[in-house]
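Peer 1: this one's structure only:
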């Protein structure tokens with residue numbers, strides 16, 4: 001009887017250890033998710049501009065400090081522009097890290 005009780009306690013302990021071991025990797029998967037998002041953000045650079053002119057689907061803008069300019073066509077941005085952008089609106093332009101000129105990925109209107 002004593003042997004069965006000791007065997008039962010050992011098996012129960014092993015089961016608890018395995019349960020704790022397999023429970024923790026799922027928590028690690030959740031903490032790894034933001035790292036993927038950070039890696040995606042690292043693949044793009046962002047620049048802030050003020051829209052100075054709109055001509056049909058063509059948008060012209062200038063950086064906040066006035067040193068650089070931007071031109072883009074609404075149809076040539078990889079992700080569709082969902083915001084209604086007007087003259088004097090501030091925008092955030094996402095561009096590919098290696099290709100600033102032709103690599104416009106996304107435009108967001110800043111409030």
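Peer 2: Perfect, I can see it now. Keep in mind the model is a prediction, meaning the values are calculated, not measured. Residues are numbered from 1 along each chain as shown.
Peer 1: For stretch 60-80, buried residues please.
Peer 2: If you call a residue buried by 16 or more other C-beta atoms under 10 Å, then stretch 60-80 has these buried ones: 61, 70, 72, 77. Just so you know, the C-beta spots here come from the backbone N, C-alpha and C atoms, and that holds for glycine as well.
Peer 1: which other residues reach it?
Peer 2: Among residues not part of stretch 60-80, those counted as contacts by C-beta atoms under 8 Å, 6 or more residues apart in numbering are 47-54, 57-59, 81, 90-91, 93, 104-107.
Peer 1: Please measure how far the first residue of it sits from its last one.
Peer 2: Counting by C-alpha to C-alpha, to the nearest Å, you get 17 Å between the two ends of stretch 60-80.
Peer 1: pLDDT of it, averaged?
Peer 2: Mean pLDDT, stretch 60-80: 90.
Peer 1: what's downstream of the lowest-mean-pLDDT helix or strand in the chain, the next helix or strand?
Peer 2: For the chain, using mean pLDDT, DSSP states H and E, the weakest element among its helices and strands is helix 2-42, scoring a mean of 67. The first helix or strand that comes after helix 2-42 along the chain, using DSSP states H and E, is strand 44-55.
Peer 1: who touches that following strand?
Peer 2: Contacts for strand 44-55 (C-beta under 8 Å, 6+ apart): 59-64, 68-70, 85-97, 100, 105-106, 110.
Peer 1: domains for the chain, by residue range?
Peer 2: 1-42, 44-110 (automatic domain parsing).
Peer 1: hey, which of the ones you listed is tucked in deepest?
Peer 2: Mean neighbour count (mean count of other C-beta atoms under 10 Å) peaks for domain 44-110 among these, with a mean of 14.
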